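Undergrad: I would like to see how this sequence folds:
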Amino acid sequence: MAKQDADIIVLGAGVIGLSCALALQRAGLKVLVLDRKGVAAEASQGNAGAFAFTEVEPLATPGIMRKAPRWLLDPLGPLSLPLGYALTFAPWMLRFWRASWRDRYEQSTRAQTALMQLSKQCLEELITSMQAEEMIRREGQLQLYEGEAEFNASQESLKLKQAQGIEVEVLTGPAAIAAIQPGLSEQFTHAVYTPAWMNVCNPATWVERLSQHFHEAGGEIAITHVSAIQPDSDSVTLLTDQGNKTADKIILACGAWSKSLAQGIGDRLPLDTERGYNTTLPAGAFELKTHLTFPAHGFVVSRIDEGVRVGGAVEFGGLQRPPNYKRSQTLLNKAKHFLPGLNTADGVQWMGFRPSMPDSLPVISHASQSDRVIYCFGHGHLGLTQSAGSAQLVKDLVLGEASSIDRTPFSATRFH
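TA: Here you go, the predicted model:
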């Protein structure tokens, strides 16, 4: 057997990969992390910074296919699909439709809820172990609705949260909303406030803190391109542009770039990208008191360090199409209308690839043809939120231990 470079090699230095690396390192394993660009170089640096543990409802909800065509045909709407990508995207959309059926929706909701609960527990433990409380904002979240009809349409989601024991407060009238967040347009007549909602001050800085702890304990992160995974009976070899790397096991956590590597070892998974857009405004743009969510418009406004980030929406367009930054500008224009005092000058636009599965559940399991390859990708817009819990499940798989939640819904074979 060839000399191994590490016990475990983790592919991906985003929040998922580094959370896994740190968990495995703390279990006593020698871990090497490989990434084609470096720490937090992709989706992990530009997200809204939210630990959205209350968001247990999948994107594929019953009845969504009645709304989807209208959304998808609006190039600047909350859910869009460029016409040139429609044929490529059709198999994913078919599985999304099946995932929206009541039976699958309920299964996905239960699995999502379990992973959220585990992730919250593991995150609190991680915050304590890294002494990182100063990086966390516990300022709650407001979901905002324009009128009673829009609020009433959200009741199933609200009841789902309440059934899971999530503390929520229903606010009626602009004055009640302004008591939590002044400066909102009075067109918002109803809101749901979630006081236990958490944000990180800056998602890129959070991942850098994970990297720092990993380095300090002897971990190594290398920048290299991995072209193939070759598992055999006693090890796994990675073909890279800096020569072969060998380990006992590997964790595939490359986000949206995981699909081709998984396909190379026999798993054709329906992974696509929720291309997310945002604009980050500098300090002084607005005095934001809490995380703001505008469900009908598909975007959020959050505090990043002392600035403000306006972003969200979903564009399904794969990895190759150029960004459409008109989407960022559309969101910013809406935010200015909803927050009249928002200063939109000097913003920095960004687009990132969020790896998305049709049922909104990540893949956290062995590869179908080798237990030396473990998948951990497909978290959509919930990668930061579910990173600590996903790392716990990966550690359980590596060590051959039972998990505190059922791992079956996250299997790589569930779409076979």
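Undergrad: strands of the stretch 1-150 of the chain, start to end?
TA: Per DSSP state E, counting those that start in this stretch, the stretch 1-150 of the chain carries strands over the ranges 6-11, 31-35, 50-51, 79-80, 136-137, 141-145.
Undergrad: which residues touch the first one?
TA: When contacts are taken as C-beta atoms under 8 Å, 6 or more residues apart in numbering, the neighbours of strand 6-11 outside the stretch itself are 17-18, 20-21, 24, 29-35, 220, 226, 236, 238, 245, 247-254, 258, 261, 398. Heads up, the C-betas are built off the backbone N, CA and C, glycines and all.
Undergrad: if we go to 7 Å?
TA: For strand 6-11, the external contacting residues (C-beta atoms under 7 Å, 6 or more residues apart in numbering) are 17, 20-21, 24, 29-34, 226, 238, 245, 247-254, 398.
Undergrad: got it, and the second one?
TA: Counting by C-beta under 7 Å, 6+ apart, the neighbours of strand 31-35 from elsewhere in the structure are 5-13, 17-18, 21, 24-25, 41, 219-224, 226, 240, 245.
Undergrad: show the buried residues in those.
TA: Buried subset of the contacts of strand 31-35 (neighbour count, 16 or more other C-beta atoms under 10 Å): 5-13, 17-18, 21, 24-25, 219, 221, 226, 240, 245.
Undergrad: what strand or helix carries the nearest residue to residue 4 once chain neighbours are set aside?
TA: Spatially, and ignoring its direct neighbours in sequence, residue 4 is nearest to residue 246 (5.0 Å; C-beta to C-beta, 6 or more residues apart in numbering). Here residue 246, judged by DSSP states H and E, is contained in strand 243-252.
Undergrad: by contact count, what packs against that strand?
TA: Under the contact criterion of 3 or more C-beta pairs under 7 Å, 6 or more residues apart in numbering; DSSP states H and E, strand 243-252 touches strand 6-11, strand 236-240, helix 258-263, strand 370-377.
Undergrad: output the below-cut-off pLDDT ranges for this structure.
TA: 1-2, 67-73, 75 (pLDDT under 70).
Undergrad: how does it look with 80?
TA: Applying pLDDT under 80 to the chain flags residues 1-2, 64-79.
Undergrad: quick one, helices of it?
TA: 15-26, 43-46, 64-72, 86-99, 102-130, 148-152, 155-163, 174-178, 203-216, 258-263, 326-338, 383-399 (DSSP state H).
Undergrad: TSV please, covering these and showing distance to residue 232.
TA: Formatted as TSV, those follow (distance: least, C-beta to C-beta, whole Å):
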stretch	distance to residue 232
helix 15-26	21
helix 43-46	31
helix 64-72	43
helix 86-99	31
helix 102-130	32
helix 148-152	56
helix 155-163	45
helix 174-178	60
helix 203-216	28
helix 258-263	16
helix 326-338	45
helix 383-399	18
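Undergrad: most tightly surrounded among these?
TA: helix 15-26 (a mean of 28; mean count of other C-beta atoms under 10 Å).
Undergrad: and the contacts of it?
TA: 8, 10-11, 31, 33, 44, 207, 210-211, 213-214, 217, 219, 251, 253, 376-377, 379, 383-384, 387-388, 390-392, 394-395, 398.
Undergrad: quick one: that helix to chain centroid distance?
TA: In terms of C-alpha atoms, centre = their mean, to the nearest Å, the centre of helix 15-26 is set 16 Å apart from its chain centre.
Undergrad: what angle do strand 370-377 and that helix make with each other?
TA: 130 degrees (axes from the mean of the first three to the mean of the last three C-alpha atoms, to 10 degrees).
Undergrad: quick check on residue 288: phi, psi?
TA: When read as degrees, to the nearest 10, the backbone of residue 288 gives phi -90, psi 130.
Undergrad: list the contacts of it.
TA: With C-beta under 7 Å, 6+ apart, residue 288 has these contacts: 301, 303, 308.
Undergrad: of those residues - the most surrounded one?
TA: residue 301 (30 neighbours; other C-beta atoms under 10 Å).
Undergrad: skipping adjacent residues, who's closest to it in space?
TA: residue 292 is the one closest to residue 301 (C-beta to C-beta, 6+ apart), at 4.3 Å.
Undergrad: which residues touch the one you found?
TA: Residue 292 neighbours (C-beta under 7 Å, 6+ apart): 142, 144, 181, 300, 301.
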